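Undergrad: here are the coordinates; sequence isn't available:
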């Protein structure tokens, strides 16, 4: 296994077309669950020049205005230019209301252990959770920094520190590792779209982003850029607003950004646009929960948890642990400990994380907040249930 290497991860702002789709999809999930905690819904979205397409299948008593939600998200993200905005974009929907099933309204909090055991998953998937001790959030440093830069790009636009920026932006950070530990920042890349009316020239853009984004983000980081760090600040077109008028977007196309920046494996299934009964979403949260507690407990410096589910069964058919040679005990022993102390059953995960009721509890929606800047490793929106390290005493 390599000990000295270079690793790069990227992030995007909430105005990136793919992330815009994720946010619309999750805002719809939030609205369903806010009105009907037992709703089942799968929503996918696509955007392109002046058009939004929403496809949804749902089983619920709630009445949801898909078009209104999409326009609200577009406006909140900041698209108000003639090329693409909430008022004039066309919105097409393909909606299918599913027939009511007898067991839709099962409440995990009221079920016995035997009853929870009888609730199977309805999909087959392999999900991954990962944690490492490179950052305070127990996330890989490259994706952590890329997210911080992307979030700062949005902040300086919203607070009008750099009022000429448009919502669409991308970031990338390359970290040089020595002996498997972050050693130096090799390169930083920022791509920011601009308003056609207020756009700055390239020199001003580079100076502004260095001062208002890069310097601010790294001020609190232990590892900072050095004299040899390569910094690239550019725009495909200095006066292009970016977004759907330039490139299309689709729900679930940024899985690496949603998880670990490809430092660890991730499932091919989208996380956004799905209610909590979808194991390909909540299983990934449960796997992260397990991996993070393993690292927080000091059992390993890095830990990847793999869960494999099959249709018709309540428990994963396989629980695999990989600590990449950093484990204090055997990986097989850690897997046994996890199986004994973590509930990886679908209904158990929903109950443990209170996933049906969080959209009604969290102001502004819950799942929509996850749709940009990562579903894991978040410290900016309160402690997520799967980011808790409450199992550490048991694991130790």
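TA: Structure received. A quick note: this is a predicted structure, and the numbers were derived from the prediction, not measured. Residues are numbered from 1 along each chain as shown.
Undergrad: mind checking the SS state of residue 19?
TA: helix (DSSP: H, G, I helix; E, B strand; the rest coil).
Undergrad: partner strands of the helix or strand of the chain with the lowest mean pLDDT, with direction?
TA: Lowest by mean pLDDT, DSSP states H and E among the helices and strands of the chain is strand 80-81, with a mean of 86. Paired with strand 80-81 in the same sheet, following DSSP bridges, are strand 84-85 (antiparallel).
Undergrad: residue ranges with poor pLDDT in the stretch 51-200 of the chain?
TA: 196-200 (pLDDT under 70).
Undergrad: residue 379 belongs to a strand?
TA: No: looking at residue 379 with three-state DSSP, it is coil, so not inside a strand.
Undergrad: so who does the spatially closest residue to it that is not a sequence neighbour touch?
TA: Excluding its sequence neighbours, the residue lying closest to residue 379 (C-beta to C-beta, 6 or more residues apart in numbering) is residue 137, at 5.5 Å. Yep, even glycine has a C-beta here, placed from its N, CA and C like the rest. Applying C-beta atoms under 8 Å, 6 or more residues apart in numbering to residue 137 gives the contacts 144, 377-379, 387.
Undergrad: for residue 250, same thing?
TA: 17-18, 21, 44-46.
Undergrad: between the residues you listed, which sits nearest residue 58?
TA: residue 44 (12.1 Å; C-beta to C-beta).
Undergrad: what's next to the one helix or strand that closest one maps to, contact-wise?
TA: Assigned by DSSP states H and E, residue 44 belongs to strand 40-48. With contact meaning C-beta under 8 Å, 6+ apart, strand 40-48 is reached by 17, 20-22, 24-25, 28-29, 32, 52-60, 70, 98, 104, 244, 248-252, 270, 273-275, 277-278.
Undergrad: list the ones among the residues you listed that fall in helices.
TA: In helices, judged by DSSP state H, the following of these are found: 17, 20-22, 24-25, 28-29, 32, 70.
Undergrad: now do the helices in the stretch 51-200 of the chain.
TA: Secondary structure of the stretch 51-200 of the chain (DSSP state H, counting those that start in this stretch): helices at 66-77, 113-117, 141-158.
Undergrad: and those as CSV, adding mean neighbour count and distance to residue 185?
TA: Formatted as CSV, the helices of the stretch 51-200 of the chain follow (neighbours: other C-beta atoms under 10 Å; distance: least, C-beta to C-beta, whole Å):
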stretch, mean neighbour count, distance to residue 185
helix 66-77, 19, 29
helix 113-117, 12, 47
helix 141-158, 23, 8
